[in-house]
Each structure stands twice: as C-alpha cells, then as structure tokens.
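Undergrad: need a structure here:
(chains A, B, C and D)
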Amino acid sequence: MINKKVASVEAALSGVEDGMTLMLGGFGLSGIPENSISQLVKLNVKGLTCISNNAGVDGFGLGLLLHKRQIKKMVSSYVGENAEFERQMLSGELEVELIPQGTLAERCRAAQSGFPAFYTPAGYGTEVAEGKETREFNGKMYVLEHAFKADFAFVKAWKGDEAGNLIFKGTARNFNPNMCGAAKITVAEVEELLPVGSLDPNQIHIPGIFVHRIFQGSNYEKRIEQRTVRKK
Amino acid sequence: MINKKVASVEAALSGVEDGMTLMLGGFGLSGIPENSISQLVKLNVKGLTCISNNAGVDGFGLGLLLHKRQIKKMVSSYVGENAEFERQMLSGELEVELIPQGTLAERCRAAQSGFPAFYTPAGYGTEVAEGKETREFNGKMYVLEHAFKADFAFVKAWKGDEAGNLIFKGTARNFNPNMCGAAKITVAEVEELLPVGSLDPNQIHIPGIFVHRIFQGSNYEKRIEQRTVRKK
Amino acid sequence: MALDKNGIAKRIAKEVKNGYYVNLGIGIPTLVANFVREDIEVEFQSENGVLGMGPFPFEGEEDPDLINAGKQTITALPGASFFDSAMSFSMIRGQHVHLTILGAMEVAENGDIANWKIPGYMVKGMGGAMDLVASAENIIVAMTHTNKNGDSKLLKKCSLPLTGVGCVKKIVTDLAVLEVTPEGFKLLERAPGVSVETIKQATEGKLIIERDIPEMDI
Amino acid sequence: MALDKNGIAKRIAKEVKNGYYVNLGIGIPTLVANFVREDIEVEFQSENGVLGMGPFPFEGEEDPDLINAGKQTITALPGASFFDSAMSFSMIRGQHVHLTILGAMEVAENGDIANWKIPGYMVKGMGGAMDLVASAENIIVAMTHTNKNGDSKLLKKCSLPLTGVGCVKKIVTDLAVLEVTPEGFKLLERAPGVSVETIKQATEGKLIIERDIPEMDI
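TA: Next up, the predicted model:
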C-alpha cells in the first residue's frame, strides 16, 4: 500500500503558487473542498485560474477567493449566485470562460484518463463552438473539445483511507471523482480518514492511484444554498 | 420507479435475431452472462457479431456459440484460449477484429455516453491504426476511434434491483458496466435480484437508466480458467 | 385566461409518459413533478448526480449532501442512485433521458433556443442546458408567451446568444401549446378562454393554424 | 551463466521504486512481484480491474470473481480497489501507472516492440498491451535474449507486427540489462559470468558498449 496521508492542510497545499491553474470539486456549495479553499485564502496566492462548475457565493466557497481578488480567471458552467463575481466580471477584472456542464465534466475526465480530445454535441451552433473544430458523425454535428491541464485538483470526499481511496456521499459527489488525477497533483480532503482496510474494495468510487495527498478535514460548515422544504 | 424486471431469460432475450451485433460482458470467464449465453445457444440465432473482450474457451462461455457456428465475427482484444476459435479463424469461417483492450472498453463507454469518437494513443504506428485517422496533440500521436453500435448488450452483475440498478463484484465487474446502455437494448442478469429500496443509492455501480431488462439468473457455474494457488 | 405557472406545469405534465426518465430545468419545469399522473412509472434525473429524485424534504430533514441542479434540498426515492457529473451527462448525451423540460428566453420558428445569456446584462452561464438541448430527442420548452415588456418570445430568429440549434420540439406557454415544424410554430391548443387572435398577436414567428384549435384539457 | 526466469524477474524487481504503481504482464513479469523489496511501498495493478493485487490464494480460497489479467486466481491486499475496464485504462492511459513490465517477441533498437502476433501462426490478440506501451512513460521488457532457434530478439527493426513504436526504455534478458537510447541498445550490465562477447553475438541491433560492463548485482 502506498500511503498518501499528509498531516495537515498546510502540507496538503504545499507547492501551490501564484498563477497556477486549479480544479475544485463541488456543485453549488455541495461537496466543495472547504478546508483547501480556506488554506488558499490563507496562502493568499494570486492570479489563479479556477476550474469549478460554480464560483461560490458572496462570503463562502470560491466567493472567499474572489473577495480577496486571488482569481484571475474562472472556468465554469454557471456563476449566477455571487454579486462580487458579477462586479469583477463586468468591470473586466475577472476573466470568465463559460462552458457547458457536461463538457466541463468530460474535459476533467479526459485529463484523468489520458484522452487529449473528444467530440461532443454540446454547444454546436452557439458561441461556445466559435473558433473550435466541428465535425459531422452519422448526420449530427459535434464540437472538438480538449482535456484540461491543471496544476492542482482539490476534491472533497465523505470517507477516505490512507491509500487515497475515496467514497463520496449523495450529490456531493458531482465533479469530485472526475477531477481526481486530472491535475498534476490531486489533494483530497475527507470528512473521515480511515486506516487502510476499512473500506470495502468493491465500494470505492475513486481508487487511491488518482489521489496524491489525502488529509482529514475539519469544521465542515456545509452551507445550504436553497433550503427548500415541504410541510408535514 | 420504472420497473425493468422480466420474468425469464426467454423474455429477456426476446427480439434477438440473426445477424445482430451483440455486446457481452466478462473478462476471460469471469463475469460473463452465463444465462444469456445459454439462451442464445438455445435460440440458435446465426450470423452474430459479438463484441467481447475474449471468446470463451472450448465448451464454455462464447465457446458454446462458436461450437454451433452462430458467430460470424468476433471483436475482441484477446482470443487465445480456444482451439475451435483458432480453427474457424484460420480456415476463414470466422471473421476476427482484434483491438486494444482499452480501446474496446472506451468504444463501449463512448456508445453509452453519446460520444461519437475520441482520440487514443493505443495502436498508433501498428496495423490497428491502418486506415484510421491519426493526429498529433501536444507532440504525441493519437488514433481516432469510434463508438460501437450494437443491438443488444448482455451483462452480468452480482446484485440488482427491479429498477435495474446494478452492483458488480470484484474483477467480475470488468467490461460489464461499460456495456450498459451502449446497445439499443441492455439485458442484465444478476445473481441476486432484490426489491427496490434494497440497495444503497450511494453504492450503485450502474444506475437503472442504462438497463432495459433485468432478470434473476440461475445455476451459475463460474468456471475458473487458471486456478492458481500458493501453499499454506 | 392566460395560465399561471402551475397551469403551464400541469399541461406539460400530460406529456410525461409511462417509463420516461425526465430532466426538469429550474423554474416552471420543476413544478411539473407535482402534476405527473400517479399511475405511471416516471423517474426524475437531476444533472448534478441523482436519478430517482423525490419531493422536497420535511423541515429538519434537509441534507446539504442531497440537492438538485437548482441547489434546492431534495429527497431520494426508493430505487434512486447517485453518480458523478461525467456519468450524469452520459445519461443525457447518450439519450437515456427521454424528455427534457426547460425554460427559455426565446425560441425561434426553426427550433433554436436562447436561455443562458443577455450580453452585457445577465451572464450566469448555461449550466447543463447546452448538453441537454444538444442531446435530447424530446425537448419541451416551458415559458410565458411574451416577456415583461409584452414582446413575443416566439420569434422568427433568436436575438440572444443561442443555447442550441433546431432542437425544440414543443412549447407550452401561458397562452398555447405549439409544435415546432419545418414550416414554423404549429398551434395545437389554446389556454382556456384564450382566443386564437390573442395568440397570433403574441407570436412574432410564423404561426400555422390548421382547422379549429381546441382548448387545453387541464 | 544466463539467468533463468526467476533471475530475470529478480533483476527487474530492482527497478521497482518506492511509491510505484506497477502493471505486470503475463509470464516472467508476473514473477517480479515475488522479488520486490519489502521495505518499499508498491501497488500492483491488473488491467482487468484491480489495484492492490496480492499473492495467489491459498488452496480452497480461490474466488472466480477475483482474477488477474492472466485469468489466474488472486487475492486483494488491504487498500485494494475494484473498478471497471474503462477506469482501469484511465489509470494506464492517464499515466497514473508508473511502470509497465511486459514480455516481447522482438524489440528494435529504436524502442519498437512486437509481442502480439505471428501472422498465419499465432494470433491471440494484443489484450491491454497496446494501451500499455502507447501510454506508459516507463516500460521494461522482460525476455530471453534469443528465441528458441537462437535468433536474436534485439533487432535493428522488428520483423513481426508492432505492438507499439519507440516506447521501450529498458530491456532485461537472461544475458544483459540494456537501455534503449537514440543511438541503439546501450549495454548496462551483464548476467553473472556472461561475457560481453556473448551478448554481442546474441544482439542483432546496434549495441553500444561504453567502458567496462559490470555484472548484475542480484
């Protein structure tokens, strides 16, 4: 067994530098790597390119990095929950690349899996396809999309073991598994870090080979964006 | 919940006809759809194209279909365990397309996922790439490979529920998940068919949406190809 | 009288057939789940990674690890499954999801749809909408027939950046049900009490009216 | 004296470093696992869907649902995981596996390898070998220096259909350890008691001999 455990969030993020490209898991505020984001704020690294489906909200998630102007560019599919984001984008301080959600997921998976490029129908005929190669297969048009290149991927899992194996929970899974191994270094934070042998090998969502550093996270806030209930 | 349960192997294979293209899960004899194969033998459908990593052995697995000359063409990565196979291939009775194992898996996954084509490095510079488009990305050469098109996919899982959700066991998983939803109709046979609600939604390997028919298998033989042991 | 949101959702619910896997967009489409007949088998998919989505949770039972694509807390029904984003879009792109219901700012008479961007004003992003409209075989748009200024949203040609081309099959608005045909918007049904003339006035794109147009049965 | 299979495996085991994920081919490569130092952390991957592969099971503990790529019954160590074939080749193609050790029928001085087909005679297929050699950054070939007829397997150019081009980095045979360089096969080590002259005789491709060639330390 190859041990991936690091003792602290500081050790987990060692090597993160200004100008790097980062992947961050999560959908909305669900399944985001809260501890890694806090540490990025503390490190105050600047000029970051962040690949993440969303950009957090004011005061939480990636909103914390936006507030400190650490992000140069966001690559996302949906960014509509954040006034500071909107201000920076409209003023031109922040560069934004919006791409279809399925394309975002698959560009991560392509990087994880060693595929340089693939053809997808999403965005054909729209501004998303401008400047990109398009091609017909079986009478339907597709756009050529490329694997992402990133320096660090930060993911959040429910359970993990010291070999780096990960299990996610509910819809907090989302982009997290697809980002594992999709960057030069993958850092996983987990709610529960267990000794090797604690997880059923049949139920592991992401084998440890895709994870380079794993650490026990703490103080998860797990904020709910749209609390919606019905009456009993 | 959409119920996918069918009462019998006969019902599960209804619609299978001469000349169809079939996908069959399994690696060697591990995780093969034993019941569906038996029924194919019984139906005596002919002129089949079979996409399967291996071609069984004499007298078991796809070897049973070969013996009855039901297969016109095999699409596989490794076929070396079967004397009847070799005889038919060398005599020209059987058409054989050999493709790299990772390409085989991904061509299934592409069909499942709606990707018409992708670039992979496997086979570049070899006869596998002959007649195929090749292309350089980042200084490395890749081959364009296409999604499979198949009529039926036959897979074998460990546990399943009536909604068609599947859980596989050990290395009997192999190609089975990648073939689900990769053909027009996917038929899953399971060792244990459970009522809906019996499986943890977090531990499902293949959601029922990829499975059209599911049935309780019986009399699994699970033959071992290379029994290898060490001494106590 | 023009339908309200629930009326539109109620009419669309009739398009949901037995055995369908359905993806519901944010807004009016979300309401459709409330009106689907209870005697048919239907499963709802949400692109953030759940199949077999159930109703909102009871108060106190919200789970931050269980949300829908609108970031609302939800529940999972028996038979549900969770999966990653790549697999979720395998379901969508691979056409395993049978019906997509989503909102729109504009639809053109050739089936083009625009619903993700108003240049210089609103730039929230397309989320999963571009994958959905490029992939789904059956796309129903749920929207009001005109915008807040009273301008038609059923156009000859979209003025806003497109989400997808030639993909919309059916439109249900507060005024009418329309089918997108090679010849233009074919009027199928009127909202109860709404005249054909009112629909004509509210439709900029080419409107095809054959025979008498029945009222919706909702 | 020329090494036997175990000798070749033992020498290759020294190439396995701490923290490596390793894929072992069928035959001699499988034996390498027996000789890896016990004080380093290594995990073995088998492309049929297991990471953290352990030794063969004790008699009576064989599980038909737990085999390696050679279809042999195996065990899984603590920390192991099972996965599907697409994910398995994600590990391989994505270069997450650090070292691939496989057999060969021929290797050319430019690093080409042939190991899957003898036209008209043996056509078993490439299995995962083409993916492995096209993807791995570090490929070691384990083979005898000559074939049964005494012909060299280290050639100027492969005569058999290729498995991959320019990919082999190192070769360990019963006679020698060689590195594939832009100039040809660079002789690094001799098997104990085997002379440079013997290796020269057995090598058809260009052999580079710089300085004294040490004996292997096994």
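Undergrad: Residue A:176 touches residue C:84, doesn't it?
TA: Yes: Residue A:176 is within contact range of residue C:84, at 7.3 Å (criterion: Cβ atoms under 8 Å). (Each C-beta comes from the backbone N, C-alpha and C, glycine too.)
Undergrad: shared neighbours, the two?
TA: Common contacts of residue A:176 and residue C:84 (Cβ atoms under 8 Å, 6 or more residues apart in numbering or on different chains): residue A:168.
Undergrad: For these two, indicate the residue with more neighbours.
TA: residue A:176 (31 against 26; other Cβ atoms under 10 Å in any protein chain shown).
Undergrad: Spatially, what comes nearest to the more buried one if we skip its sequence neighbours?
TA: Spatial nearest neighbour of residue A:176, chain neighbours left out: residue A:25 (3.5 Å); criterion: Cβ to Cβ, 6 or more residues apart in numbering or on different chains.
Undergrad: and if you look at residue A:15?
TA: residue A:185 (6.8 Å).
Undergrad: for chain D, what are the nearby residues on chain A?
TA: Residues of chain A lying near chain D by Cβ under 8 Å from any Cβ of the partner chain: A:1-3, A:109, A:111-115, A:161-163, A:165, A:181, A:196-197, A:201-202, A:204, A:207-210.
Undergrad: Tell me the buried residues within those residues.
TA: Neighbour counting with 16 or more other Cβ atoms under 10 Å in any protein chain shown marks A:1-2, A:109, A:111-115, A:161-163, A:165, A:181, A:196, A:201-202, A:204, A:207-210 as buried within the residues of chain A next to chain D.
Undergrad: and chain C, which of these reach it?
TA: Applying Cβ under 8 Å from any Cβ to these, those adjacent to chain C are residue A:109.
Undergrad: Narrow the buried ones among the residues of chain A next to chain D to those in helices?
TA: A:109, A:111, A:112, A:113 (DSSP state H).
Undergrad: if we can go back for a sec, so what's the residue nearest to residue A:176 up against?
TA: A:31, A:32, A:33, A:52, A:153, A:154, A:155, A:156, A:174, A:175, A:176, A:179.
Undergrad: after the lowest-mean-pLDDT helix or strand in chain A, next one along is what?
TA: Counting by mean pLDDT, DSSP states H and E, chain A has its least confident helix or strand at helix A:83-90, which shows a mean of 89. Note on helix A:83-90: by DSSP states H and E, the next helix or strand toward the C-terminus is strand A:95-98.
Undergrad: Name the surrounding residues that touch that following strand.
TA: A:72-79, A:89, A:128, C:117, C:123, C:125-126.
Undergrad: Of these, just say which sits nearest to residue D:79.
TA: Nearest to residue D:79, judged by Cβ to Cβ, of the contacts of strand A:95-98 is residue A:75 at 33.6 Å.
Undergrad: Flag every residue of chain C that's near chain B.
TA: Where chain C comes near chain B, counting by Cβ under 8 Å from any Cβ, the residues are C:19, C:21, C:41-43, C:45, C:50-52, C:76-83, C:86-87, C:89-97, C:135.
Undergrad: Please list which of the residues you listed are also close to chain A.
TA: Restricting the residues of chain C next to chain B to those near chain A by Cβ under 8 Å from any Cβ leaves C:50, C:76, C:82, C:83, C:86, C:89, C:92, C:93, C:135.
Undergrad: which stretches of the chain form helices?
TA: Assuming you mean chain A. Residue ranges of the helices in chain A, as given by DSSP H, are A:9-12, A:34-43, A:63-67, A:83-90, A:101-113, A:176-179.
Undergrad: try chain C instead
TA: C:5-13, C:28-32, C:85-93, C:129-135, C:196-202.
Undergrad: ok, residues contacting the last one?
TA: Translated: helix C:196-202. Contact with helix C:196-202 is made by C:145, C:146, C:152, C:154, C:175, C:176, C:187, C:190, C:207, C:209, C:213, as judged by Cβ under 8 Å, 6+ apart.
Undergrad: Could you pull up the residues touching the last one?
TA: Meaning residue C:213. C:187, C:188, C:189, C:190, C:196.
Undergrad: Roughly how far does the second one sit from residue C:214?
TA: Okay, so that is residue C:188. 8 Å (Cβ to Cβ, to the nearest Å).
Undergrad: who has more neighbours, the two?
TA: Set residue C:188 next to residue C:214 and count neighbours by other Cβ under 10 Å: residue C:188 wins out with 17 against 10.
Undergrad: Surely that one touches residue C:178?
TA: Yes: contact status for residue C:188 versus residue C:178: in contact at 6.2 Å, counting by Cβ under 8 Å.
Undergrad: ok, and the helix or strand in chain C with the lowest average confidence?
TA: Per mean pLDDT, DSSP H and E, helix C:28-32 ranks last in chain C, at a mean of 93.
Undergrad: Centre of the chain to it, how far?
TA: 8 Å (Cα atoms, centre = their mean, to the nearest Å).
Undergrad: Stretch A:56-75 too?
TA: Using Cα atoms, centre = their mean, the offset of stretch A:56-75 from its chain centre is 13 Å.
Undergrad: mind checking the end-to-end distance for stretch A:130-141?
TA: Start-to-end span of stretch A:130-141 (Cα to Cα, to the nearest Å) is 14 Å.
Undergrad: Is it in proximity to chain C?
TA: No: using Cβ under 8 Å from any Cβ, stretch A:130-141 never reaches chain C; the gap is at least 8.5 Å.
Undergrad: The contacts of helix C:196-202 in strands, which ones?
TA: If you go by DSSP state E, the contacts of helix C:196-202 have C:154, C:176, C:187, C:190, C:207 in strands.
Undergrad: Out of those residues, which is nearest to residue B:45?
TA: For the ones in strands among the contacts of helix C:196-202, the nearest to residue B:45 is residue C:187 (48.3 Å; Cβ to Cβ).
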